[in-house]
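Engineer: Pasting a predicted model and its sequence here:
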Amino acid sequence: MGDGFLWFGFFFVLLQTDFEAEPEMSAPAHNTRRYGWLPATLAVLLVAAVAWSACSGVVKLAPSELFGSDIFLNLRLPRIIVALLVGAALSVSGAAYQSVFRNPLTDPYVLGVSSGASLGAAVAILLGLEARVWGIGLLALVAALATVWLIYRVASIGNRLHTSTLLLTGVCLTLLLSAVVTFLMVLHQDKMESIIFWTMGSFGSASWFDVALVAPVTAAGVFVVLYYAKDLNLLLAGSETAQSLGVEVEKVKRMLLFFTTLMVAFAVSACGVIGFVGLIVPHCMRLICGPDNRRVVPCSILGGALFMLSCDTLSRTLLQPAELPVGSLTAIVGAPLFIYLLYRNKKSY
(Lines give C-alpha, C1' and ligand atoms only; values in the text may rest on other atoms or scores of the structure.)
Protein backbone atom coordinates (compact mmCIF):
# COMPACT_ATOMS: atom_id res chain seq x y z
CA MET A 1 0.00 0.00 0.00
CA GLY A 2 2.75 2.44 0.98
CA ASP A 3 4.73 2.08 -2.22
CA GLY A 4 1.62 2.24 -4.39
CA PHE A 5 0.46 5.50 -2.76
CA LEU A 6 3.94 6.99 -3.00
CA TRP A 7 4.45 6.27 -6.68
CA PHE A 8 0.91 7.40 -7.50
CA GLY A 9 1.69 10.72 -5.83
CA PHE A 10 5.07 11.06 -7.54
CA PHE A 11 3.71 10.40 -11.02
CA PHE A 12 0.70 12.62 -10.31
CA VAL A 13 3.05 15.52 -9.66
CA LEU A 14 5.02 14.92 -12.85
CA LEU A 15 2.39 13.73 -15.29
CA GLN A 16 -0.80 15.60 -14.42
CA THR A 17 0.74 19.06 -14.42
CA ASP A 18 -0.05 21.33 -17.34
CA PHE A 19 3.57 21.79 -18.33
CA GLU A 20 4.74 24.97 -19.97
CA ALA A 21 8.14 24.16 -21.44
CA GLU A 22 10.32 26.91 -22.81
CA PRO A 23 11.53 26.60 -26.42
CA GLU A 24 15.07 27.25 -25.21
CA MET A 25 16.75 27.70 -21.86
CA SER A 26 16.56 31.43 -21.44
CA ALA A 27 15.99 34.09 -18.83
CA PRO A 28 13.24 33.16 -16.38
CA ALA A 29 9.61 33.95 -17.11
CA HIS A 30 7.55 35.19 -14.19
CA ASN A 31 4.90 32.45 -13.98
CA THR A 32 5.44 31.34 -10.39
CA ARG A 33 1.93 31.48 -8.92
CA ARG A 34 0.61 28.19 -10.29
CA TYR A 35 3.48 26.13 -8.95
CA GLY A 36 3.69 27.30 -5.37
CA TRP A 37 2.22 23.97 -4.28
CA LEU A 38 5.07 21.91 -5.71
CA PRO A 39 7.68 22.14 -2.88
CA ALA A 40 5.04 21.27 -0.26
CA THR A 41 3.82 18.31 -2.32
CA LEU A 42 7.35 17.01 -2.83
CA ALA A 43 8.10 17.42 0.89
CA VAL A 44 5.02 15.37 1.85
CA LEU A 45 5.94 12.64 -0.64
CA LEU A 46 9.52 12.66 0.65
CA VAL A 47 8.34 12.07 4.22
CA ALA A 48 6.17 9.21 2.96
CA ALA A 49 9.15 7.77 1.07
CA VAL A 50 11.34 7.86 4.19
CA ALA A 51 8.65 6.06 6.23
CA TRP A 52 8.15 3.47 3.50
CA SER A 53 11.88 2.83 3.17
CA ALA A 54 12.40 2.60 6.94
CA CYS A 55 9.72 -0.07 7.36
CA SER A 56 10.34 -2.09 4.17
CA GLY A 57 12.85 -4.84 3.56
CA VAL A 58 13.50 -8.50 4.24
CA VAL A 59 12.68 -7.75 7.88
CA LYS A 60 9.43 -5.80 8.12
CA LEU A 61 9.38 -3.18 10.86
CA ALA A 62 6.41 -1.39 12.36
CA PRO A 63 6.82 2.36 12.93
CA SER A 64 6.80 1.80 16.70
CA GLU A 65 9.75 -0.61 16.40
CA LEU A 66 12.09 1.60 14.39
CA PHE A 67 14.15 3.38 17.02
CA GLY A 68 14.59 0.25 19.09
CA SER A 69 15.87 -1.76 16.14
CA ASP A 70 19.55 -2.19 15.26
CA ILE A 71 18.50 -2.99 11.69
CA PHE A 72 16.99 0.46 11.35
CA LEU A 73 19.60 2.45 13.28
CA ASN A 74 22.72 0.82 11.85
CA LEU A 75 21.62 -0.32 8.38
CA ARG A 76 18.52 1.37 7.02
CA LEU A 77 18.84 4.85 8.52
CA PRO A 78 22.36 5.61 7.21
CA ARG A 79 21.33 4.10 3.87
CA ILE A 80 18.27 6.36 3.72
CA ILE A 81 20.32 9.45 4.59
CA VAL A 82 23.03 8.68 2.01
CA ALA A 83 20.39 8.07 -0.67
CA LEU A 84 18.74 11.41 0.15
CA LEU A 85 22.09 13.22 0.07
CA VAL A 86 23.19 11.63 -3.20
CA GLY A 87 19.86 12.28 -4.87
CA ALA A 88 19.94 15.93 -3.84
CA ALA A 89 23.60 16.33 -4.85
CA LEU A 90 23.15 14.83 -8.32
CA SER A 91 19.95 16.78 -9.02
CA VAL A 92 21.29 20.14 -7.86
CA SER A 93 24.51 19.57 -9.79
CA GLY A 94 22.53 18.71 -12.89
CA ALA A 95 20.49 21.91 -12.59
CA ALA A 96 23.66 23.98 -12.22
CA TYR A 97 25.47 22.25 -15.10
CA GLN A 98 22.50 22.69 -17.43
CA SER A 99 22.49 26.43 -16.74
CA VAL A 100 26.26 26.95 -16.90
CA PHE A 101 26.56 25.04 -20.19
CA ARG A 102 23.18 26.35 -21.41
CA ASN A 103 22.19 22.85 -22.43
CA PRO A 104 19.24 20.95 -20.88
CA LEU A 105 20.84 17.60 -21.80
CA THR A 106 23.96 18.14 -19.68
CA ASP A 107 24.29 15.88 -16.64
CA PRO A 108 26.63 15.87 -13.61
CA TYR A 109 28.94 13.26 -15.12
CA VAL A 110 29.81 15.29 -18.19
CA LEU A 111 33.21 16.36 -16.78
CA GLY A 112 34.49 12.82 -16.37
CA VAL A 113 33.64 12.33 -12.71
CA SER A 114 31.96 8.97 -13.28
CA SER A 115 34.65 7.57 -15.56
CA GLY A 116 37.43 8.68 -13.23
CA ALA A 117 35.66 7.21 -10.22
CA SER A 118 35.00 3.97 -12.14
CA LEU A 119 38.69 3.62 -12.94
CA GLY A 120 39.64 4.22 -9.30
CA ALA A 121 37.04 1.72 -8.11
CA ALA A 122 38.19 -0.87 -10.64
CA VAL A 123 41.80 -0.53 -9.46
CA ALA A 124 40.68 -0.81 -5.82
CA ILE A 125 38.70 -3.98 -6.57
CA LEU A 126 41.67 -5.49 -8.41
CA LEU A 127 43.86 -4.69 -5.40
CA GLY A 128 41.40 -6.44 -3.09
CA LEU A 129 40.42 -3.37 -1.06
CA GLU A 130 36.67 -4.18 -0.86
CA ALA A 131 36.85 -5.27 2.78
CA ARG A 132 38.53 -2.09 4.02
CA VAL A 133 36.55 0.89 5.30
CA TRP A 134 35.94 3.08 2.28
CA GLY A 135 38.67 1.19 0.43
CA ILE A 136 36.94 1.41 -2.94
CA GLY A 137 35.42 4.80 -2.20
CA LEU A 138 38.72 6.47 -1.39
CA LEU A 139 40.42 5.47 -4.64
CA ALA A 140 37.24 6.32 -6.56
CA LEU A 141 37.19 9.78 -4.99
CA VAL A 142 40.88 10.45 -5.65
CA ALA A 143 40.59 9.28 -9.28
CA ALA A 144 37.44 11.35 -9.86
CA LEU A 145 39.00 14.53 -8.49
CA ALA A 146 42.23 13.93 -10.42
CA THR A 147 40.25 13.48 -13.64
CA VAL A 148 38.31 16.70 -13.14
CA TRP A 149 41.51 18.59 -12.22
CA LEU A 150 43.10 17.43 -15.48
CA ILE A 151 40.07 18.53 -17.48
CA TYR A 152 40.09 21.95 -15.80
CA ARG A 153 43.78 22.38 -16.59
CA VAL A 154 43.20 21.58 -20.25
CA ALA A 155 40.16 23.85 -20.58
CA SER A 156 41.56 26.86 -18.69
CA ILE A 157 43.38 29.58 -20.60
CA GLY A 158 44.77 32.15 -18.20
CA ASN A 159 41.98 33.13 -15.85
CA ARG A 160 39.22 32.16 -18.27
CA LEU A 161 37.36 28.88 -18.24
CA HIS A 162 36.06 27.95 -21.67
CA THR A 163 32.92 25.88 -21.12
CA SER A 164 32.86 24.46 -24.65
CA THR A 165 36.45 23.21 -24.32
CA LEU A 166 35.63 21.92 -20.84
CA LEU A 167 32.69 19.96 -22.19
CA LEU A 168 34.57 18.46 -25.13
CA THR A 169 37.56 17.52 -22.98
CA GLY A 170 35.26 15.86 -20.47
CA VAL A 171 33.56 13.79 -23.16
CA CYS A 172 36.86 12.67 -24.68
CA LEU A 173 38.43 11.75 -21.35
CA THR A 174 35.27 9.93 -20.31
CA LEU A 175 35.50 7.72 -23.40
CA LEU A 176 39.21 7.09 -22.81
CA LEU A 177 38.82 6.12 -19.15
CA SER A 178 35.79 3.96 -19.91
CA ALA A 179 37.88 2.08 -22.44
CA VAL A 180 40.60 1.57 -19.82
CA VAL A 181 38.05 0.16 -17.35
CA THR A 182 36.75 -2.21 -20.03
CA PHE A 183 40.30 -3.31 -20.78
CA LEU A 184 40.91 -4.05 -17.08
CA MET A 185 37.72 -6.12 -16.88
CA VAL A 186 38.78 -8.19 -19.88
CA LEU A 187 42.17 -8.84 -18.31
CA HIS A 188 40.63 -9.74 -14.91
CA GLN A 189 37.39 -11.48 -15.72
CA ASP A 190 37.13 -12.94 -12.23
CA LYS A 191 36.59 -9.41 -10.93
CA MET A 192 34.33 -8.29 -13.76
CA GLU A 193 31.06 -8.82 -11.89
CA SER A 194 32.19 -6.71 -8.91
CA ILE A 195 33.35 -3.88 -11.16
CA ILE A 196 30.13 -3.89 -13.20
CA PHE A 197 27.95 -3.93 -10.08
CA TRP A 198 29.84 -0.93 -8.66
CA THR A 199 29.52 1.03 -11.90
CA MET A 200 25.73 0.47 -11.81
CA GLY A 201 25.44 1.97 -8.32
CA SER A 202 24.32 0.60 -4.97
CA PHE A 203 23.67 1.87 -1.45
CA GLY A 204 24.11 -1.61 0.02
CA SER A 205 27.31 -0.68 1.87
CA ALA A 206 26.17 2.75 3.08
CA SER A 207 27.23 3.50 6.66
CA TRP A 208 27.40 6.35 9.13
CA PHE A 209 30.96 6.90 7.92
CA ASP A 210 29.57 7.67 4.43
CA VAL A 211 27.03 10.03 5.96
CA ALA A 212 29.79 11.92 7.78
CA LEU A 213 31.78 12.31 4.55
CA VAL A 214 29.01 13.08 2.08
CA ALA A 215 26.75 15.30 4.23
CA PRO A 216 29.06 18.35 4.75
CA VAL A 217 30.19 18.40 1.11
CA THR A 218 26.60 18.15 -0.12
CA ALA A 219 25.44 20.85 2.29
CA ALA A 220 28.20 23.20 1.15
CA GLY A 221 27.54 22.52 -2.53
CA VAL A 222 23.78 23.00 -2.22
CA PHE A 223 24.33 26.28 -0.35
CA VAL A 224 26.64 27.59 -3.09
CA VAL A 225 24.21 26.69 -5.89
CA LEU A 226 21.30 28.29 -4.02
CA TYR A 227 23.42 31.39 -3.37
CA TYR A 228 24.23 31.76 -7.08
CA ALA A 229 20.75 30.80 -8.37
CA LYS A 230 20.06 34.35 -9.56
CA ASP A 231 23.42 34.49 -11.35
CA LEU A 232 22.60 31.16 -13.00
CA ASN A 233 19.49 32.77 -14.45
CA LEU A 234 21.59 35.54 -15.95
CA LEU A 235 24.13 33.05 -17.34
CA LEU A 236 21.30 31.51 -19.36
CA ALA A 237 21.20 34.72 -21.36
CA GLY A 238 24.88 34.34 -22.25
CA SER A 239 28.19 35.26 -20.63
CA GLU A 240 28.41 38.70 -22.24
CA THR A 241 24.90 39.65 -21.17
CA ALA A 242 25.52 38.37 -17.66
CA GLN A 243 28.79 40.32 -17.49
CA SER A 244 27.03 43.51 -18.54
CA LEU A 245 24.48 42.98 -15.75
CA GLY A 246 27.17 42.81 -13.09
CA VAL A 247 27.85 39.08 -12.82
CA GLU A 248 31.47 38.06 -12.26
CA VAL A 249 31.09 35.35 -14.87
CA GLU A 250 34.41 33.54 -14.50
CA LYS A 251 34.24 33.55 -10.69
CA VAL A 252 30.66 32.29 -10.67
CA LYS A 253 31.45 29.51 -13.17
CA ARG A 254 34.48 28.38 -11.21
CA MET A 255 32.65 28.37 -7.88
CA LEU A 256 29.68 26.49 -9.26
CA LEU A 257 31.68 23.92 -11.21
CA PHE A 258 34.08 23.35 -8.32
CA PHE A 259 31.45 22.75 -5.65
CA THR A 260 29.06 20.76 -7.85
CA THR A 261 31.88 18.56 -9.11
CA LEU A 262 33.04 18.02 -5.54
CA MET A 263 29.51 16.99 -4.56
CA VAL A 264 29.27 14.54 -7.44
CA ALA A 265 32.72 13.08 -6.74
CA PHE A 266 31.86 12.37 -3.09
CA ALA A 267 28.45 10.99 -4.06
CA VAL A 268 29.92 8.63 -6.64
CA SER A 269 32.67 7.48 -4.28
CA ALA A 270 30.03 6.50 -1.69
CA CYS A 271 27.57 4.62 -3.89
CA GLY A 272 28.99 4.11 -7.38
CA VAL A 273 27.74 5.56 -10.64
CA ILE A 274 24.00 6.24 -10.70
CA GLY A 275 22.88 7.77 -13.96
CA PHE A 276 19.87 9.74 -15.10
CA VAL A 277 19.07 11.44 -11.77
CA GLY A 278 20.99 14.62 -12.53
CA LEU A 279 19.49 14.76 -16.02
CA ILE A 280 15.83 13.97 -15.54
CA VAL A 281 15.02 15.54 -12.16
CA PRO A 282 16.11 19.15 -12.86
CA HIS A 283 14.64 18.91 -16.35
CA CYS A 284 11.29 17.76 -14.94
CA MET A 285 11.37 20.51 -12.34
CA ARG A 286 12.12 23.03 -15.07
CA LEU A 287 9.18 21.80 -17.13
CA ILE A 288 6.90 22.20 -14.12
CA CYS A 289 8.32 25.37 -12.55
CA GLY A 290 9.67 27.23 -15.54
CA PRO A 291 13.35 28.11 -16.06
CA ASP A 292 13.89 30.25 -12.93
CA ASN A 293 16.67 28.53 -10.97
CA ARG A 294 15.45 30.12 -7.75
CA ARG A 295 12.57 27.64 -8.03
CA VAL A 296 14.24 24.86 -9.99
CA VAL A 297 17.11 24.34 -7.53
CA PRO A 298 15.02 23.96 -4.32
CA CYS A 299 12.53 21.69 -6.09
CA SER A 300 15.42 19.65 -7.53
CA ILE A 301 16.74 19.08 -4.00
CA LEU A 302 13.43 17.58 -2.91
CA GLY A 303 12.69 15.84 -6.20
CA GLY A 304 16.14 14.30 -6.47
CA ALA A 305 16.06 13.01 -2.90
CA LEU A 306 12.57 11.57 -3.45
CA PHE A 307 13.45 9.92 -6.75
CA MET A 308 16.69 8.40 -5.46
CA LEU A 309 15.25 7.07 -2.20
CA SER A 310 12.24 5.57 -3.98
CA CYS A 311 14.44 3.80 -6.54
CA ASP A 312 16.76 2.52 -3.80
CA THR A 313 13.85 1.16 -1.77
CA LEU A 314 12.51 -0.62 -4.83
CA SER A 315 15.97 -1.98 -5.63
CA ARG A 316 16.13 -3.84 -2.31
CA THR A 317 12.47 -4.92 -2.07
CA LEU A 318 11.42 -6.02 -5.56
CA LEU A 319 13.47 -9.24 -5.62
CA GLN A 320 14.30 -9.65 -1.93
CA PRO A 321 16.48 -11.03 -0.52
CA ALA A 322 18.40 -10.23 -3.73
CA GLU A 323 19.19 -6.61 -4.49
CA LEU A 324 19.13 -4.82 -7.84
CA PRO A 325 21.67 -2.13 -8.78
CA VAL A 326 19.88 1.13 -8.13
CA GLY A 327 21.36 2.68 -11.28
CA SER A 328 19.45 0.22 -13.43
CA LEU A 329 16.18 1.26 -11.78
CA THR A 330 16.82 4.98 -12.16
CA ALA A 331 17.26 4.36 -15.89
CA ILE A 332 14.26 2.01 -16.21
CA VAL A 333 11.97 4.44 -14.40
CA GLY A 334 13.56 7.67 -15.58
CA ALA A 335 14.04 7.07 -19.30
CA PRO A 336 10.39 6.31 -20.22
CA LEU A 337 9.19 9.16 -18.02
CA PHE A 338 11.65 11.55 -19.63
CA ILE A 339 10.60 10.44 -23.14
CA TYR A 340 6.94 10.90 -22.19
CA LEU A 341 7.57 14.42 -20.94
CA LEU A 342 9.46 15.32 -24.11
CA TYR A 343 6.68 13.83 -26.26
CA ARG A 344 3.99 15.69 -24.33
CA ASN A 345 5.83 18.98 -24.74
CA LYS A 346 7.26 18.47 -28.23
CA LYS A 347 5.11 21.25 -29.67
CA SER A 348 6.79 23.70 -27.32
CA TYR A 349 10.30 23.01 -28.61
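Structural biologist: Okay, I see it.
Engineer: Next, the buried residues of stretch 310-325.
Structural biologist: Applying a neighbour-count criterion of 16 or more other C-beta atoms under 10 Å, one finds 310, 311, 312, 313, 314, 315, 316, 317, 323, 324, 325 buried in stretch 310-325. Where you see a C-beta, it was placed from the backbone N, CA and C, and this is true even at glycine.
Engineer: So the fifth one versus residue 104, what's the distance?
Structural biologist: Right, residue 314. Note on residue 314: its distance to residue 104, by C-beta to C-beta, to the nearest Å, is 27 Å.
Engineer: Mind checking which of the buried residues of stretch 310-325 are in helices?
Structural biologist: Applying DSSP state H to the buried residues of stretch 310-325, the entries found in helices are 310, 311, 312, 313, 314, 315, 316, 317.
Engineer: For those, could you give me TSV that also reports pLDDT?
Structural biologist: What follows is those, written out as TSV (pLDDT from 0 to 100):
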residue	pLDDT
310	93
311	92
312	93
313	93
314	92
315	90
316	89
317	89
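Engineer: center of the protein - which residue?
Structural biologist: Among the residues of the chain, the one closest to the centroid is residue 90, at 1.9 Å (C-alpha atoms, centre = their mean).
Engineer: Does it touch residue 274 like I think?
Structural biologist: Yes: counting by C-beta atoms under 8 Å, residue 274 is a contact partner of residue 90 at 7.0 Å.
Engineer: shared neighbours of these two, anything?
Structural biologist: For the pair residue 90 and residue 274, residues contacting each of them under the criterion C-beta atoms under 8 Å, 6 or more residues apart in numbering are residue 308.
Engineer: Counting neighbours, what do you get for the residue lying closest to residue 166 once chain neighbours are set aside?
Structural biologist: Ranked by C-beta to C-beta, 6 or more residues apart in numbering and with sequence neighbours excluded, the top spatial neighbour of residue 166 is residue 155, at 3.8 Å. For residue 155, the neighbour count with other C-beta atoms under 10 Å is 20.
Engineer: shouldn't residue 155 be in contact with residue 162?
Structural biologist: Yes: here residue 155 reaches residue 162: they are 5.5 Å apart, a contact under C-beta under 8 Å.
Engineer: Now for residue 145: which residues touch it?
Structural biologist: Applying C-beta under 8 Å, 6+ apart to residue 145 gives the contacts 116, 262, 265.
Engineer: Now do stretch 266-275: distance from first to last residue.
Structural biologist: 15 Å (C-alpha to C-alpha, to the nearest Å).
Engineer: what comes into contact with that stretch?
Structural biologist: Contacting residues not belonging to stretch 266-275 are listed as 82-83, 85-86, 89-90, 107, 109, 113-114, 117-118, 120-121, 134, 137-138, 140-141, 144, 197-203, 206, 210, 213-214, 217-218, 308, 325-327, 330-331 [C-beta under 8 Å, 6+ apart].
Engineer: Residues touching stretch 180-189, excluding its own?
Structural biologist: 115, 118, 119, 122, 123, 126, 191, 192, 195, 196, 199.
Engineer: Report the mean confidence score over it.
Structural biologist: Per-residue pLDDT values over stretch 180-189 give a mean of 88.
Engineer: Would you mind listing the buried residues in it?
Structural biologist: The neighbour-count criterion (16+ other C-beta under 10 Å) identifies 181, 184, 185 as the buried residues of stretch 180-189.
Engineer: same check, this time on stretch 114-127
Structural biologist: Going by neighbour count (16+ other C-beta under 10 Å), the buried part of stretch 114-127 is 114-126.
Engineer: Adding pLDDT and secondary structure, write the residues you listed out as JSON lines.
Structural biologist: Supplementary listing: those in JSON lines, determined by pLDDT from 0 to 100; DSSP: H, G, I helix; E, B strand; the rest coil:
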{"residue": "114", "pLDDT": "85", "secondary structure": "helix"}
{"residue": "115", "pLDDT": "86", "secondary structure": "helix"}
{"residue": "116", "pLDDT": "88", "secondary structure": "helix"}
{"residue": "117", "pLDDT": "87", "secondary structure": "helix"}
{"residue": "118", "pLDDT": "87", "secondary structure": "helix"}
{"residue": "119", "pLDDT": "89", "secondary structure": "helix"}
{"residue": "120", "pLDDT": "88", "secondary structure": "helix"}
{"residue": "121", "pLDDT": "87", "secondary structure": "helix"}
{"residue": "122", "pLDDT": "88", "secondary structure": "helix"}
{"residue": "123", "pLDDT": "89", "secondary structure": "helix"}
{"residue": "124", "pLDDT": "87", "secondary structure": "helix"}
{"residue": "125", "pLDDT": "87", "secondary structure": "helix"}
{"residue": "126", "pLDDT": "88", "secondary structure": "helix"}
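Engineer: Output those as JSON lines; include the columns distance to residue 43.
Structural biologist: Below are the buried residues of stretch 114-127 laid out as JSON lines (distance: C-beta to C-beta, whole Å):
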{"residue": "114", "distance to residue 43": "29"}
{"residue": "115", "distance to residue 43": "35"}
{"residue": "116", "distance to residue 43": "34"}
{"residue": "117", "distance to residue 43": "31"}
{"residue": "118", "distance to residue 43": "34"}
{"residue": "119", "distance to residue 43": "38"}
{"residue": "120", "distance to residue 43": "36"}
{"residue": "121", "distance to residue 43": "34"}
{"residue": "122", "distance to residue 43": "39"}
{"residue": "123", "distance to residue 43": "41"}
{"residue": "124", "distance to residue 43": "37"}
{"residue": "125", "distance to residue 43": "38"}
{"residue": "126", "distance to residue 43": "43"}
